[in-house]
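Visitor: sequence below, structure please.
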Amino acid sequence: MTRQILSRILKYKKSIRNGFNHLLVESADKKFDKILTYLEEEWGETVTTAFVKKVYDFLDILAEFPEIGSLEHTERNIRGFVIVRQLTLFYKIHGDSIILLNFFDNRQNPKRKRY
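Guide: Numbers count the residues shown, from 1 in each chain. This next block holds a predicted model:
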């Protein structure tokens, strides 16, 4: 599966499980594309596919347990969850939707976190 196909699947697929929709905002989609490009160029298709599987597995868990992530920004109700050691996914729950906000590289300065 190529990066473009994997990205489109995540972008356009609304995963409706247990009443929750997963919605990906544009900035998270762009970051996801960059991650997939990097993985594919540096590590190959096998690693890229494994990463996408981890993201989908997490989305399945998130649909069942939407409050699984640690509360990162109380006022904005933003949660974060480490998908792999190097990457945290930030999201928020809004009604019956889970809005995926950003993928953050944990090797960066924590002050640079953007939700």
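Visitor: counting neighbours, what do you get for the spatially closest residue to Q86 that is not a sequence neighbour?
Guide: Leaving aside its sequence neighbours, Q86 sits nearest to N106 (C-beta to C-beta, 6 or more residues apart in numbering; 5.5 Å). C-beta here means a position set from N, CA and C on the backbone, and glycine is covered the same way. Look at N106: counted by other C-beta atoms under 10 Å, it has 13 neighbours.
Visitor: packing partners for the helix or strand containing L71?
Guide: Using DSSP states H and E, the element containing L71 is strand 70-73. For strand 70-73, the contact count by 3 or more C-beta pairs under 8 Å, 6 or more residues apart in numbering; DSSP states H and E identifies strand 78-84 as packing neighbours.
Visitor: tell me the mean pLDDT over the strand it packs on?
Guide: On average, the pLDDT along strand 78-84 is 94.
Visitor: name the SS class of Y38, please.
Guide: With DSSP: H, G, I helix; E, B strand; the rest coil as the basis, the three-state label of Y38 is helix.
Visitor: just the pLDDT for F65.
Guide: 90.
Visitor: just the buried residues of the strand holding L71, please?
Guide: E72 (16 or more other C-beta atoms under 10 Å).
Visitor: show me what it pairs with in its sheet, parallel or antiparallel.
Guide: Strand pairing for strand 70-73, determined by DSSP bridges: strand 78-84 (antiparallel).
Visitor: buried residues in the strand it pairs with?
Guide: Of the residues in strand 78-84, those buried (16+ other C-beta under 10 Å) are 78-81, 83.
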